[in-house]
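A.B. asks: Give me the fold of what follows.
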Amino acid sequence: MSRVLCVFALLCPTLAQAAGLNGAELSLLWSLPFAGLLLSIALFPIVAPAFWHHHFGKIALGWALAFLLPCALWLSPADAGNVVVHAMVDEYLPFIVLLFALYTISGGILITGNLHGSPALNTGILALGAACASLMGTTGAAMLLIRPLLRANDNRRHNVHVVVFFIFLVGNIGGGLTPIGDPPLFLGFLKGVSFSWTFQAMLLPVLTACGLLLLAFYLLDSYYYRKEGVLPRDPTPDNARLGVQGGFNFLLLAGVVGAVLMSGMWKPGLELNILGVKVGIQNLLRDGMLLGLAGASLAFTSTRIRDGNEFNWEPIAEVGKLFGAIFITMAPAIAILRAGPDGALAQLVGLVSRADGSPIDLMYFWMTGSLSSFLDNAPTYLVFFNLASGDPALMMTQYSSTLLAISAGAVFMGANSYIGNAPNFMIKAIAEHRGVAMPGFFGYMAWAWVWLFPLFVLLSVLFFL
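C.D. replies: Okay, here's the model as predicted:
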């Protein structure tokens with residue numbers, strides 16, 4: 001699907017010269033294709049799973065065109081072309097290249113051994129994954145540990161909750177300590193928010209959230225373990241020895257972290273104009289390095305190791321197709337938000353400030369988080385970052401508590417739905433491929449409501465009132 005959209009952009013280079021969508025002139029009706037895409041993701045796997053499995057890419061493309069064609073007709077072809085070019089060049093390609101590199105490299109690391117999914121072991125793996133998420137990103141940590149976790153629990157009668165809490169902790173909240181951990185924090189880093197500010201400000205909220213979730217998980221997992229026990233047959237051989245194969249891929253993961261940091265810290269001031277979108281040379285170099293590292297992993301990792309991981313391209317293909325359409329169809333919603341008091345969501349945006357214009361930290365936390373649950377959390381972070389001030393020096397001092405609210409909301413509440421953060425969908429796809437009966441879109445949101453909503457209320461009381 002993304003290739004079709006890129007071809008569209010290449011055939012219409014002059015379209016890219018148009019200005020971005022003017023959110024002040026858009027009604028909420030322009031967001032209907034985005035809503036339709038979300039409902040498709042939620043309902044098709046339930047009512048027509050076989051049809052969805054074979055045609056989700058076409059359905060996603062259909063919703064993208066449901067926005068682009070009216071945009072070209074009622075606004076202008078230039079506006080439609082600009083949306084495609086901006087979404088693909090400035091947002092989608094860096095996003096999918098990073099995910100592809102992390103997915104490919106982590107798939108070349110095989111953790112062997114007959115791990116038994118006891119409550120203590122599972123809690124330990126979740127804690128390790130949450131710690132790793134801030135060091136190698138939520139995607140890298142999730143792709144590294146989801147397979148051994150699934151293998152450890154392949155003889156458990158109840159294992160859905162293990163994957164759900166893995167999404168909460170490793171796919172989202174654990175990445176809140178550093179700009180490497182989650183894309184919103186990395187965008188803040190690019191804006192000028194220091195590495196040390198992020199770590200110091202986010203440390204206590206992340207530790208609090210992770211500690212409470214790990215405790216809740218241990219109690220829940222212990223209950224299921226005592227109640228149902230394990231299946232009589234363990235699919236993992238008893239004589240399998242603990243070990244790590246493909247360890248050189250850890251060096252490649254370190255290279256990924258280095259490439260990402262390089263693009264945020266090295267500012268040569270050189271830009272390349274790609275169809276009207278200015279791309280820094282450091283970002284092009286980063287993406288080239290990421291592709292090179294992924295290629296090295298594919299070239300030098302034994303096929304036997306990837307077979308041991310049951311590695312395949314379906315999860316990254318699903319994320320690639322669906323998020324390509326999501327980035328396009330969410331464009332009018334983001335534009336309306338960016339219009340602030342002049343847009344159709346003015347009343348919603350107005351909730352984050354008092355009459356005198358001072359920010360309400362509690363509302364910044366909930367507004368940023370709620371929208372990050374369904375919109376991509378990176379641009380949502382930027383919308384509220386700019387709405388609060390946009391000046392990183394001011395945000396780290398006078399508005400430090402507001403920046404903390406925005407950061408925590410974007411990172412933590414990405415766990416509220418499968419589309420809140422890219423690793424969520426990938427973890428779900430890998431688990432389903434391994435036979436775990438993962439909940440549907442609304443079923444997962446029910447899990448999040450039960451376990452995360454009380455946590456977020458507590459965090460609100462502790463840090464944002």
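A.B. asks: quick one: Pro94 from Met330, how far?
C.D. replies: 16 Å (CB to CB, to the nearest Å). In short, each C-beta sits where N, CA and C put it, glycine included.
A.B. asks: Looking at the two, which one has more neighbours?
C.D. replies: With neighbours defined as other CB atoms under 10 Å, Pro94 and Met330 compare such that Met330 has more, 26 against 19.
A.B. asks: Tell me where the stretch 151-300 of the chain has strands.
C.D. replies: 243-245, 271-274, 277-280 (DSSP state E, counting those that start in this stretch).
A.B. asks: can you put the ones you listed in a markdown table and add mean pLDDT, mean neighbour count and distance to Leu387?
C.D. replies: Shown next, in a markdown table, are those (pLDDT from 0 to 100; neighbours: other CB atoms under 10 Å; distance: least, CB to CB, whole Å):
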| stretch | mean pLDDT | mean neighbour count | distance to Leu387 |
| --- | --- | --- | --- |
| strand 243-245 | 83 | 13 | 45 |
| strand 271-274 | 83 | 13 | 26 |
| strand 277-280 | 83 | 16 | 23 |
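A.B. asks: what about these, which gets the closest to Leu39?
C.D. replies: strand 277-280 (30.3 Å; CB to CB).
A.B. asks: Paired strands for the closest one, with orientation please.
C.D. replies: Sheet partners assigned to strand 277-280 using DSSP bridges are listed as strand 271-274 (antiparallel).
A.B. asks: got a list of contacts for the strand it pairs with?
C.D. replies: The contact list for strand 271-274 (CB atoms under 8 Å, 6 or more residues apart in numbering) reads 85, 89, 278-281, 284.
A.B. asks: ditto for stretch 303-322
C.D. replies: Here stretch 303-322 has contacts from 1-2, 37, 41, 56-57, 60-61, 96, 99-100, 103, 107-110, 112, 147, 245-246, 419, 422, 425-426, 429-430, 433-434, using CB under 8 Å, 6+ apart.
A.B. asks: what about burial for those residues, which qualify?
C.D. replies: 1-2, 37, 41, 56-57, 60-61, 96, 99-100, 103, 107-110, 112, 147, 245-246, 419, 422, 425-426, 429-430, 434 (16 or more other CB atoms under 10 Å).
A.B. asks: Among the residues you listed, which ones are in helices?
C.D. replies: 2, 37, 41, 56-57, 60-61, 96, 99-100, 103, 147, 422, 425-426, 429-430 (DSSP state H).
A.B. asks: Next up, the contacts around Leu21.
C.D. replies: Going by CB under 8 Å, 6+ apart, the list of residues near Leu21 reads 75, 79, 82-83, 331-332, 335.
A.B. asks: possible to save those as JSON lines with distance to Ala120?
C.D. replies: Conversion of those to JSON lines gives the following (distance: CB to CB, whole Å):
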{"residue": "Leu75", "distance to Ala120": "58"}
{"residue": "Asp79", "distance to Ala120": "56"}
{"residue": "Asn82", "distance to Ala120": "53"}
{"residue": "Val83", "distance to Ala120": "50"}
{"residue": "Ala331", "distance to Ala120": "46"}
{"residue": "Pro332", "distance to Ala120": "48"}
{"residue": "Ala335", "distance to Ala120": "49"}
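A.B. asks: With secondary structure and neighbour count as extra columns, can I get those in TSV?
C.D. replies: Shown next, in TSV, are the contacts of Leu21 (DSSP: H, G, I helix; E, B strand; the rest coil; neighbours: other CB atoms under 10 Å):
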residue	secondary structure	neighbour count
Leu75	helix	19
Asp79	helix	19
Asn82	helix	26
Val83	helix	29
Ala331	helix	30
Pro332	helix	25
Ala335	helix	21
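A.B. asks: which residue sits closest to Phe463, ignoring its sequence neighbours?
C.D. replies: Nearest residue to Phe463 in three dimensions, chain neighbours excluded: Pro205, at 5.6 Å (CB to CB, 6 or more residues apart in numbering).
A.B. asks: separation between that neighbour and Ser401?
C.D. replies: 11 Å.
A.B. asks: quick one: which of the two has more around it?
C.D. replies: The neighbour comparison of Pro205 against Ser401 (other CB under 10 Å) goes to Pro205, with 23 against 15.
A.B. asks: Need the per-residue pLDDT for that one.
C.D. replies: Pro205 is assigned 97 on the pLDDT scale.
A.B. asks: Need the strands of the stretch 151-300 of the chain in JSON lines (columns: distance to Ala446).
C.D. replies: Rendered in JSON lines, the data for the strands of the stretch 151-300 of the chain read as follows (distance: least, CB to CB, whole Å):
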{"stretch": "strand 243-245", "distance to Ala446": "36"}
{"stretch": "strand 271-274", "distance to Ala446": "42"}
{"stretch": "strand 277-280", "distance to Ala446": "40"}
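A.B. asks: Quick one, which of these gets closest to Val47.
C.D. replies: Short answer: strand 277-280, nearest of the strands of the stretch 151-300 of the chain by CB to CB, at 38.5 Å.
A.B. asks: what about that closest one, distance to the chain center?
C.D. replies: 23 Å (CA atoms, centre = their mean, to the nearest Å).
A.B. asks: what's the answer for stretch 262-272, then?
C.D. replies: The answer for stretch 262-272 is 24 Å, by CA atoms, centre = their mean.
A.B. asks: Equivalent analysis for stretch 365-380, please.
C.D. replies: 11 Å.
A.B. asks: Determine how far the last residue of it lies from the first.
C.D. replies: 12 Å (CA to CA, to the nearest Å).
A.B. asks: Ok, stretch 452-465 next?
C.D. replies: With CA to CA, one end of stretch 452-465 sits 18 Å from the other.
A.B. asks: Asn312 - how many residues pack around it?
C.D. replies: Neighbour count for Asn312, taken as other CB under 10 Å: 14.
A.B. asks: Could you do Trp447 as well?
C.D. replies: Around Trp447 there are 18 residues (other CB under 10 Å).
A.B. asks: Also Ser460?
C.D. replies: By other CB under 10 Å, neighbour count at Ser460 equals 16.
A.B. asks: For the stretch 101-250 of the chain, which segments count as helices?
C.D. replies: Assigned by DSSP state H, counting those that start in this stretch, the stretch 101-250 of the chain shows helices spanning 119-152, 160-169, 183-191, 195-228, 249-265.
A.B. asks: which one of the ones you listed has the lowest average pLDDT?
C.D. replies: Across the helices of the stretch 101-250 of the chain, the lowest-scoring stretch is helix 183-191, with a mean of 83.
A.B. asks: then that one to PDB, C-alphas only?
C.D. replies: Extracted C-alpha coordinates of helix 183-191, given in PDB (Å, rounded to 0.1, in the frame of the first residue of the first chain):
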ATOM      1  CA  PRO A 183       9.300   8.500  19.700                       C
ATOM      2  CA  PRO A 184       7.600  11.400  21.600                       C
ATOM      3  CA  LEU A 185      10.500  11.800  23.900                       C
ATOM      4  CA  PHE A 186      12.900  11.700  21.000                       C
ATOM      5  CA  LEU A 187      11.000  14.500  19.200                       C
ATOM      6  CA  GLY A 188      11.300  16.500  22.400                       C
ATOM      7  CA  PHE A 189      15.100  15.800  22.300                       C
ATOM      8  CA  LEU A 190      15.200  17.100  18.800                       C
ATOM      9  CA  LYS A 191      13.400  20.200  19.900                       C
END
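A.B. asks: still on that earlier bit, farthest pair within the contacts of Leu21?
C.D. replies: Among those, Asn82 and Pro332 lie farthest apart (CB to CB), at 12.3 Å.
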